[in-house]
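# sequence? don't have it. structure:
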Ligand code: PEP
Ligand code: MN
């Protein structure tokens, strides 16, 4: 439920409504736009249904929200969220590109890759130190050693970094190094992990589960936000369908759908979304035109030698070319790169 105040509602009138809500033990979320103030209400609305809010001074109307997610809901907070990662703004006019290897393999490769992607205009280094692999016999990541390599690389290149956490231990370790915490597709509904990242002050990149609906993704974001962390960005990374021509089916319509339902920034991962390097560029471009706020792309100096996801990784030349081409797509979308 939200209470929409009149365009010229006085500070006092807004405070008065909030006071009544708090007296009734409801959580209050204020969204103060240029024109109107919206008071979002969190809690069991049955307890306040008898209160005639519409009769109170300054109140325009009461709107019942049917979706179970509130803090992530655009009706609750119509102002787009811009996440400031130490100066890099995600969700603003500028498209933000995150790039790097699937997994951190050694210091040299990650530092080289970081410097190269920075030269091409990327702002954030991606890379996994904890890899949730389908097979227990596949490379599982370098863990803390990998975090250290990645931290050195991002510092040397002047980038921010995003890395995946898979449990409490990896979260505690990553907090010392990373700027953004990534929740992978396989953990999108690991509710305890979502709550744990929700209790940190680091921005979160939340990836859509392999067979998760858009509403389930938004409810997962709500788990994080309900703990107090509102810096959540959502990532479309492809879903399971009957199609076998691609690793996953990149659901690009999720971008405008999400934009219609939430104020949170939306990122697209065309690498995991397709599983094939030759499909990464066309889908990256389409994602920008569809309204994505950013991209996360796998780049490896020698994809044929990569310890994971070589088939979907761009080499340096391909990434450079893509970054040049993306500038025009950003322009079409009314954005900059
Ligand atoms: C990744 O980004 O490295 C990754 C494992 O992605 P996803 O969780 O989307 O499979
Ligand atoms: Mn990968």
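Structure's in. What do you need? Since this is a predicted model, take the numbers as computed values, not measurements. Ligands and ions are numbered 1, 2, ... in the order given.

# Please, where are all the helices along the protein?
For the chain, applying DSSP state H gives helices covering 11-23, 107-120, 144-157, 168-175, 191-198, 214-225, 254-261, 270-274, 277-290, 316-332.

# Enumerate the positions of the first one that are buried.
In other words, helix 11-23. For helix 11-23, burial by neighbour count (16 or more other CB atoms under 10 Å) applies to 13-14, 16-18, 20-21. Glycine gets a C-beta too; all of them are placed from N, C-alpha and C.

# follow-up on the earlier one: of all the helices of the chain, which one comes closest to residue 64?
Ranking these by their distance to residue 64 (criterion: CB to CB) puts helix 11-23 first, at 15.1 Å.

# Only the buried residues of stretch 285-305, if you could.
So, applying 16+ other CB under 10 Å, buried residues of stretch 285-305: 285-288, 290-301, 303.

# Inside strands: which ones of these?
Using DSSP state E, the members of the buried residues of stretch 285-305 that fall in strands are 294-298.

# Who are the contact partners of the spatially most central residue of the chain?
Geometric centre of the chain, nearest residue: residue 233, 1.9 Å, by CA atoms, centre = their mean. By CB atoms under 8 Å, 6 or more residues apart in numbering, the contact set of residue 233 is 83, 90-91, 203-206, 264-267, 293-294.

# Show me how the chain divides into domains.
2-63, 83-332 (automatic domain parsing).

# so what's residue 112 up against?
Contacts for residue 112 (CB under 8 Å, 6+ apart) come out as residue 301.

# distance of the residue of the stretch 201-337 of the chain found nearest ligand 2 from residue 316?
Nearest residue of the stretch 201-337 of the chain to ligand 2, counting by CB to the ion: residue 309, 3.6 Å away. Residue 309 sits 16 Å away from residue 316, going by CB to CB, to the nearest Å.

# same question, residue 283
20 Å.

# The two - which one has more neighbours?
Neighbour totals were compared for residue 283 and residue 316, and residue 283 leads with 21 against 18 (other CB atoms under 10 Å).

# Quote the end-to-end distance of stretch 241-249.
One end of stretch 241-249 to the other measures 6 Å (CA to CA, to the nearest Å).
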